[in-house]
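Enquirer: generate coordinates for the sequence data below:
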Amino acid sequence: MYGLSERTSERAMGGSSFGGIATLCAALRHPHVWGSSLVESPSLWIGEESFLNDIAQHTGPLPSRMFIGMGGKEFSGVRPPALVQQFPTADATVEGYAVTLADIMLDKGLPRSHLQVIVEAEASHTESAWASRLPAALKHVCAPWWLRVLEDRHAHLMTTVPKRLRPGCPGVLLVNRARSDTLGECEHLQLVAGFNMDWETKLPDIALQPTSWRLSQLTAPGETVPAQHAEPSDDWWVASFDVPADAYEMHLALSGTNSDSPDSEREWDNNAGSNFYLPLAPALPPPSLFAARLLGADGASADGAEAQAPLTAAMQKAQEALSADHQALANRNSSRTFFSIPETLLAGAPAVLYVNKKRTCFHDQPNVKLHHGWNGWDSKMLDGGAALADFKPTSLWRDEGTDWWAAHLNVPESASEMNFAFTNGDWLWDSNNGYNYTATVMSMSGAAAGPVARPRQIEHVQELPHGAGTMHILQLAKRDPSDPGYTKQGRWVDERTVRVWTPAGWSPDADRAPPGGWPVLYLSDGQNKFEDFLAHQGVSWSVGYQSSDLVTSGALPPFLVVGVDSAGPMRSLNYLPYAPGTGAGGFRGDAERWPGGGVAQYMKRVTEEIMPLVQQRFHAAQDPESTAFGGGSFGGVCALYAAIHYPHMFGSILAESPSFWIAEGRFLGDMAAHRGQLPARIFLGCGTREYSATRDHERLDVDALLLHYCCEAARILEEKGCRPGQGRLRFHVEPEAGHHEGAWKWRFSGAMQYLFSHLWDLQPRPNK
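Expert: Numbering: from 1, shown residues only. Reported below is the predicted structural model:
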């Protein structure tokens, strides 16, 4: 239930008084279960001291570490004076038991450094005495628990406990001074750190404290220090701090001096000026206001007013969203053209739709209006015509690229989706090239039940050998109109086929999955990823075969690949935040009427329907550190959209030749406007002949423009904190490569080794 360590050295047993005797019994009878013993005031007087003789005559192994605590007034401190006078030597006798026990342990080969005995002259046989000695006892008994950390990280400059810090929780930083090129001779070390982009939350400087932890001191009797650890390579210093609840990443540098004077000249170890970067684990989700169902005494659902309580709470939640800090929400959505409050509309509740006027075709117009309807422009809900609402200026922050206007709405109780377009009330329209925009509406009862995953249903599964693993082709069932995700537009845009490649050794048995689940890469355009005969240009990425090679060669630990097939003609609608247009200068006239603007709904389906399906059926990981998302061309834009809006779900992003030309480079503006978290690792690839290599004519000017777009994207990512020096960004420009699956296939293996090699830190290599 709690993931008990399988290492004997990481398990200890303790007790006091009779519990101390039980601990010693466990040490004698189960030495391979308990690596350490914490023995407080053991009642060694039992059986007229025969238990001490039993220990002395024991010939088997014993735990590798022991703490023995005893007081100088074990008897007199808890007995009436008359009884103390009757047995004046009792305290000395009991204290002698502890000394005798320690001598026996030493005679049996327990190293003196692995045995600690504390006898407190004034302490008695009480819980308070044992509590006062507990910190010292734990420090001694639990010392081997650092062994795995020191073994795994001996060659590293630093590590943390827990391995991934968590928002709102305490953390510990361990720094190996011996591994620093600049601080090795410094007598005083300091941690200089902050959280989130631009060190948004700064920690006060913290002095690191030296420790005595050495592999040689922590190794159990009979064990030897591995050869790679025999060198004097461990000199660990430690600092503790609290991680802010709203943190998503930590940035830090180390400084050192040879004096504790504040004026002393500092030496720095700051990763060659890039500072060090630590991604944090996802925050623990707060209990949902709507997660609990109200139950009657018999366990049945409550009736009457009580049954309405969750719905009332849902309405209250919607009202709270409307009164929340809208500026903070606008900052979070700075890369979007529009967003709503609440972020998922609730049927029967009020809402506000914000639009950034500067990022629309209405930037120079005095008016913007919202033309909207519900449930696929259902005529029964239009009341004689689509509704028209005015956007009004707001007091939210404005700058050269930001001007938020707001329209207030009342969502009908029967609504399941909102359909809308923008207009100036006259001749100018933004209707997403006639496809309009769509926003999901959640029913009030669904909100009362809390956010739940709705895995897509499977109609048929086909399994085929593929490389060293297996290909599972999932045909998804058509949605029922009662499905919360059902829309009239869905028949054209919904995903129908998902391809899941599993490596050799994968099992449907959840118990055989690695801790935390199987690492997984999700890819758009799944039909182009595995087999040449399926790819639209006759060449695929060969993802399954290349992944087989990466796993079988030991380059990467086993992982899953999930390819989500595109919706064919609606591919651009699903993958792009807006219609692509023809590009600067009109070099892509063929795309003039292609749709866009559906990427938010596509990513919602991926994260709320496809990912839960894969997690349930294939035991895929949910931790962002073990989850990646990628694609090429329009899929590359979609991948970077995921980087901006879903960094809490995808820790790695693979973006191949993103089509930054769409809307004349507008998506680069979205990236530049983003404020906040980004994934821990991003691979961005492109070629120098992105246009000409796939055409029967050359356009060197377009090739240069597309390369410039990619270089600008890399610059923006680096400016936003994804620095190559921290291992967060790899920008690969391949000379003479074009915009096609063959180029992305060639770069896939190197990209995956960059994105997933850190997984060896989460699960040990087979030979360890």
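Enquirer: lowest confidence element among the helices and strands of this structure?
Expert: Lowest mean confidence among the helices and strands of the chain (mean pLDDT, DSSP states H and E): helix 304-307, at a mean of 46.
Enquirer: now the helices for the stretch 651-768 of the chain?
Expert: Under the criterion DSSP state H, counting those that start in this stretch, helices of the stretch 651-768 of the chain are mapped to 666-673, 700-719, 741-756.
Enquirer: check contacts around K108.
Expert: 58, 62 (C-beta atoms under 8 Å, 6 or more residues apart in numbering). In short, each C-beta sits where N, CA and C put it, glycine included.
Enquirer: how confident was the prediction at the residue nearest to the spatial centre of the chain?
Expert: In the chain, the centroid-proximal residue (C-alpha atoms, centre = their mean) is P624; its distance is 3.5 Å. At P624, the pLDDT value in this model is 93.
Enquirer: residue contacts, it?
Expert: When contacts are counted by C-beta under 8 Å, 6+ apart, P624 is found next to 279, 282, 647-651, 679-680.
Enquirer: quick check: phi and psi at it.
Expert: Comment: the main-chain dihedrals of P624 come out as phi -60, psi -30, following degrees, to the nearest 10.
Enquirer: what's the closest non-adjacent residue to it?
Expert: Take P624 and drop its neighbours on the chain: the residue closest to it by C-beta to C-beta, 6 or more residues apart in numbering is G651, 3.7 Å away.
Enquirer: which intervals of the stretch 51-200 of the chain have sub-threshold pLDDT?
Expert: 148 (pLDDT under 70).
Enquirer: give the contact list for the nearest residue to C710 once chain neighbours are set aside.
Expert: Beyond its immediate neighbours in the sequence, the residue positioned closest to C710 (C-beta to C-beta, 6+ apart) is C686, lying 4.2 Å away. Residues in contact with C686, defined by C-beta under 8 Å, 6+ apart, are 656-658, 706-707, 710, 732-734, 737.
Enquirer: would you mind listing which of the contacts of P624 are buried?
Expert: The neighbour-count test (16 or more other C-beta atoms under 10 Å) marks 279, 282, 647, 649-651, 679-680 as buried among these.
Enquirer: so which one among those has the lowest pLDDT?
Expert: Looking at pLDDT alone, the buried ones among the contacts of P624 dip lowest at P282, where the score is 81.
Enquirer: now do the contacts for the residue nearest to it when sequence neighbours are not counted.
Expert: With C-beta to C-beta, 6+ apart as the criterion, P282 has its nearest non-adjacent residue at 5.8 Å, and that residue is H648. For H648, the contacting residues are 248, 282, 624, 677, taking C-beta under 8 Å, 6+ apart as the criterion.
Enquirer: closest to V500 out of those residues?
Expert: Of all those, the one sitting nearest V500 is P624; the distance, using C-beta to C-beta, is 19.4 Å.
Enquirer: how near is that closest one to P679?
Expert: Taking C-beta to C-beta, to the nearest Å as the criterion, P624 is separated from P679 by 7 Å.
Enquirer: intersection of neighbour lists for these two?
Expert: With contacts defined as C-beta under 8 Å, 6+ apart, the residues shared by P624 and P679 are 647, 650-651.
Enquirer: which among those gets closest to A567?
Expert: Nearest to A567 out of these is F650 (C-beta to C-beta; 21.0 Å).
Enquirer: SS state for that closest one?
Expert: Under the three-state scheme (DSSP: H, G, I helix; E, B strand; the rest coil), F650 adopts coil.
Enquirer: L252 pairs with what?
Expert: As for beta bridges, L252 partners with A193, F276 under DSSP bridges.
Enquirer: so which strand or helix has A406?
Expert: When secondary structure is defined using DSSP states H and E, the element that contains A406 is strand 404-410.
Enquirer: now do N432
Expert: Applying DSSP H and E as the criterion places N432 outside every helix and strand.
Enquirer: right, and it touches Y578 too?
Expert: Yes. With the criterion set as C-beta atoms under 8 Å, N432 and Y578 qualify as a contacting pair; they are 7.2 Å apart.
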